[in-house]
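Engineer: Sequence unavailable; structure follows:
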């Protein structure tokens with residue numbers, strides 16, 4: 001909910017996946033995001049490049065951000081330590097999140113560190129045992 005205020009305070013653009021626009025519009029009906037964040041989008045942040053992976057399931061437009069040179073992926077609510085992330089909302093889909101994890105995340109190198117949206121970090125290798 002703080003994205004527009006953060007944009008105003010810092011001048012940073014708000015990137016947002018178009019499949020989640022219905023969620024954005026509920027909270028910010030008069031303030032559109034600045035740019036679309038779709039699968040394959042790449043952009044520089046703090047000296048590294050982030051690669052966008054579309055991982056629907058938590059929401060239709062969920063994305064994870066992969067930093068290959070840091071051997072890290074930021075998974076938000078898609079993948080937690082010990083298994084799939086949150087799917088308890090009306091717009092969530094448990095089968096779809098498992099498909100996203102298997103097709104987009106578990107294909108990354110096993111030593112990739114998973115920075116989750118909640119709880120402990122993990123690795124792709126460890127999550128292969130839980131979700132694979």
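Structural biologist: Structure's in. What do you need? The model shown is predicted, which means the values in this text are computed figures rather than measured ones.
Engineer: in terms of contact, does residue 20 touch residue 62 like I think?
Structural biologist: Yes: with contact defined as Cβ atoms under 8 Å, residue 20 and residue 62 form a contacting pair (7.5 Å). Heads up, the C-betas are built off the backbone N, CA and C, glycines and all.
Engineer: higher neighbour count, the two?
Structural biologist: Set residue 20 next to residue 62 and count neighbours by other Cβ atoms under 10 Å: residue 62 wins out with 25 against 19.
Engineer: Now the more buried one: closest residue in space that isn't a chain neighbour?
Structural biologist: Spatial nearest neighbour of residue 62, chain neighbours left out: residue 55 (5.1 Å); criterion: Cβ to Cβ, 6 or more residues apart in numbering.
Engineer: Test my guess that the one you found contacts residue 105.
Structural biologist: Yes: in terms of Cβ under 8 Å, residue 55 counts as a neighbour of residue 105; the distance is 6.8 Å.
Engineer: Give me the common contacts of those two.
Structural biologist: 64, 75, 78, 79 (Cβ atoms under 8 Å, 6 or more residues apart in numbering).
Engineer: Quick check on the third one: phi, psi?
Structural biologist: As for residue 78, its main-chain torsions (degrees, to the nearest 10) stand at phi -90, psi -50.
Engineer: Pull the number of nearby residues for the spatially closest residue to residue 89 that is not a sequence neighbour.
Structural biologist: Computed as Cβ to Cβ, 6+ apart, the closest residue to residue 89 that is not its neighbour in sequence is residue 59, at 7.3 Å. When neighbours are defined as other Cβ under 10 Å, residue 59 has 23 of them.
Engineer: if I read this right, residue 59 contacts residue 91, doesn't it?
Structural biologist: Yes: between residue 59 and residue 91 there is a contact under Cβ under 8 Å: 5.4 Å.
Engineer: Overlap of the contact sets of these two?
Structural biologist: Both residue 59 and residue 91 are in contact with residue 23, where contact means Cβ under 8 Å, 6+ apart.
Engineer: since we're on the residue lying closest to residue 124 once chain neighbours are set aside, how many residues are nearby?
Structural biologist: Spatially, and ignoring its direct neighbours in sequence, residue 124 is nearest to residue 112 (4.5 Å; Cβ to Cβ, 6+ apart). Applying other Cβ under 10 Å, we find 21 other residues in the vicinity of residue 112.
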